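> Need a 3D model of the following:
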Amino acid sequence: MKLKKLGRTDIEVSEICLGSMTWGSQNSEAEAHEQLDYAIAEGVNFIDTAEMYPTTPRLAETTGRTEAFIGSWLKARPDRDNLIVATKITGEGNKDIRDGKRVTGAMIREALEGSLRRLQTDHVDLYQLHWPNRGSYHFCKYWTFDPINLSVGDMEQEVADMLGEVGLLQQEGKLKTFGLSNESAWGTMKFLQVAERHNLPRIVSMQNEYSLICRIYDTDMAELSVLEDVGLLAFSPLAASGLSGKFVNGSIEPGSRRAMQSGLNGRYGPQSEAAIAHYNEVAQKHGLNLAQMALAFVLQRSFTTSAIIGATSMRQLKTNIAAKDVVLSEDCLADIQAVYRDHPQPM
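Below is the predicted model:
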């Protein structure tokens, strides 16, 4: 398992990160612990969660359950200091979590302390802002995105307030680093500028969606990631199971994500189904498993720090982690690029 630096820190994270958003809904506590044990034995040292998880489905009454499952596992681990645990503050919009208010510095402290209690640990290694306060174009909202509708407000003051509290929490030993999620190039640069201008903590990572069928990160965000050392933590690298290969023959397994969400939150429709079929042909041509090819593609991108995988079964988990050993040839990459030219934005 390759290790990569987290931003401009000395913290090294595994190139595959274990995601957890199904733990507490589709997966039991025992199953979550089994996944964690296997992943760590395979060299994964990076675990990602969020205070709002699980999300399949997301319900008010299950909020925080995923962190609690990880906490009961962490409590029994003698190697906590060798693990990189990441979680997120929910942010604006979720009415059943702090009434959906805009994130402030004080709210970061409140939310982090709640996460620490559930995780049964004294610190998190990476704390992330799950959503920008002003709104974003992510989760397929780029089709109707209009920046004039963003609630920007006094963003510099807002960011300074958040990063100032992050700095205090770092001094107290409650968190080590801070990152963003579902952000844009403009928003990320604002955080970097405010940090530099006011000598506040610098963000280390960006958790955005990236996969063979969602490549809006490839230009401005890619440039920012590489030149500013804010690496991508790619979520949904298998397009919420769309690229797992499970659906290429038209079947929908009981209990699968598509059985719960037929469109996979906008990721599965006629356009993406056609693109996935072509990517599957590329995988077959090169003797590869589709899921592993899709993950290997994400891992080989210059701006990727880690790809966040999720699984509801041990079989899926083993397949996904094995992608660490897959290296795509130049011929395979060329075939992938040919499909991309024909299907540049299928979701």
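
> Quick check: Ser72 is in a helix.
Yes: Ser72: assigned to a helix according to DSSP: H, G, I helix; E, B strand; the rest coil.

> Against Ala296, how distant is the most centrally placed residue in the chain?
What sits nearest the mean C-alpha location of the chain, by C-alpha atoms, centre = their mean, is Phe235, with 3.4 Å. Look at Phe235 and Ala296: by C-beta to C-beta, to the nearest Å, they are 17 Å apart. In short, each C-beta sits where N, CA and C put it, glycine included.

> Of all the residues in the helix or strand Val166 falls within, which ones are buried?
In this assignment (DSSP states H and E), Val166 forms part of helix 155-171. Across helix 155-171, burial judged by 16 or more other C-beta atoms under 10 Å covers 155, 158-167, 169-170.

> just curious, which of the residues you listed is nearest to His130?
Using C-beta to C-beta, Met162 comes nearest to His130 of those, at 12.7 Å.

> Please work out how many residues are found near the nearest residue to that closest one once chain neighbours are set aside.
Distances taken as C-beta to C-beta, 6 or more residues apart in numbering put Gly105 closest to Met162, at 5.3 Å, once the chain neighbours are dropped. For Gly105, the tally of surrounding residues (other C-beta atoms under 10 Å) stands at 19.

> After the helix-or-strand element of the chain with minimal mean pLDDT, heading C-terminal, what element do we hit next?
One helix or strand of the chain scores below all others by mean pLDDT, DSSP states H and E: helix 257-260, with a mean of 62. Remark: after helix 257-260, the chain's next helix or strand is helix 270-285, criterion DSSP H and E.

> buried ones in that next one?
Buried residues in helix 270-285, counted by 16+ other C-beta under 10 Å: 272, 275-276, 278-280, 282-283.

> now swap in stretch 326-337 and tell me
By neighbour count with 16+ other C-beta under 10 Å, stretch 326-337 contains the buried residues 326, 328, 332, 335-336.

> now these as a markdown table including distance to Ile309, secondary structure and pLDDT?
Putting those into a markdown table (distance: C-beta to C-beta, whole Å; DSSP: H, G, I helix; E, B strand; the rest coil; pLDDT from 0 to 100) gives the following:
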| residue | distance to Ile309 | secondary structure | pLDDT |
| --- | --- | --- | --- |
| Val326 | 13 | coil | 98 |
| Leu328 | 17 | coil | 98 |
| Cys332 | 20 | helix | 98 |
| Asp335 | 23 | helix | 98 |
| Ile336 | 19 | helix | 98 |
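
> possible to save the residues you listed as a markdown table with distance to Asn289?
Converted to a markdown table, the buried residues of stretch 326-337 look like this (distance: C-beta to C-beta, whole Å):
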| residue | distance to Asn289 |
| --- | --- |
| Val326 | 8 |
| Leu328 | 12 |
| Cys332 | 13 |
| Asp335 | 15 |
| Ile336 | 14 |
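
> farthest residue from the center of this structure?
The chain, farthest from centre, C-alpha atoms, centre = their mean: Lys285 at 29.6 Å.

> who's in contact with the residue nearest to Met162?
Neighbouring residues of Gly105 by C-beta atoms under 8 Å, 6 or more residues apart in numbering: 161-162, 164-166.

> so the nearest residue to His278 once chain neighbours are set aside is in which element?
Excluding the flanking residues, the one nearest His278 by C-beta to C-beta, 6+ apart is Val339, at 4.5 Å. Assigned by DSSP H and E, Val339 belongs to helix 330-342.

> Helix 270-285 and that helix, what's the angle between them?
170 degrees (axes from the mean of the first three to the mean of the last three C-alpha atoms, to 10 degrees).

> could you say what helices and strands helix 330-342 packs with?
In this structure, helix 330-342 packs against helix 270-285, helix 290-299, with contacts taken as 3 or more C-beta pairs under 8 Å, 6 or more residues apart in numbering; DSSP states H and E.

> and if we set it to 6 Å?
Applying 3 or more C-beta pairs under 6 Å, 6 or more residues apart in numbering; DSSP states H and E, one finds that helix 330-342 contacts helix 270-285.

> hmm, who's touching the helix it packs on?
212-213, 248, 290, 293, 335-336, 339, 343, 346-347 (C-beta atoms under 6 Å, 6 or more residues apart in numbering).

> Run through the residues that contact Gly164.
Counting by C-beta under 6 Å, 6+ apart, Gly164 has contacts Gly105.

> if you set the cut-off to 7 Å instead, what comes out?
Gly164 makes contact with 105, 200 under the criterion C-beta atoms under 7 Å, 6 or more residues apart in numbering.

> mind checking pLDDT for it?
Listed pLDDT for Gly164 reads 98.

> ok, it to Leu126 distance?
Going from Gly164 to Leu126 by C-beta to C-beta gives 18 Å.

> same question, Ile336
With C-beta to C-beta as the criterion, Ile336 and Leu126 are 30 Å apart.

> now Gly19
With C-beta to C-beta as the criterion, Gly19 and Leu126 are 13 Å apart.

> Over to Pro132?
For Pro132 relative to Leu126 (C-beta to C-beta), the value is 17 Å.

> what bits of this structure have low per-residue confidence?
Applying pLDDT under 70 to the chain flags the ranges 249-263, 265.

> any chance you could map the helices in it?
Using DSSP state H, the helices found in the chain span residues 29-41, 65-74, 105-119, 155-171, 185-198, 220-228, 257-260, 270-285, 290-299, 314-321, 330-342.

> Nice, that's everything, thank you.
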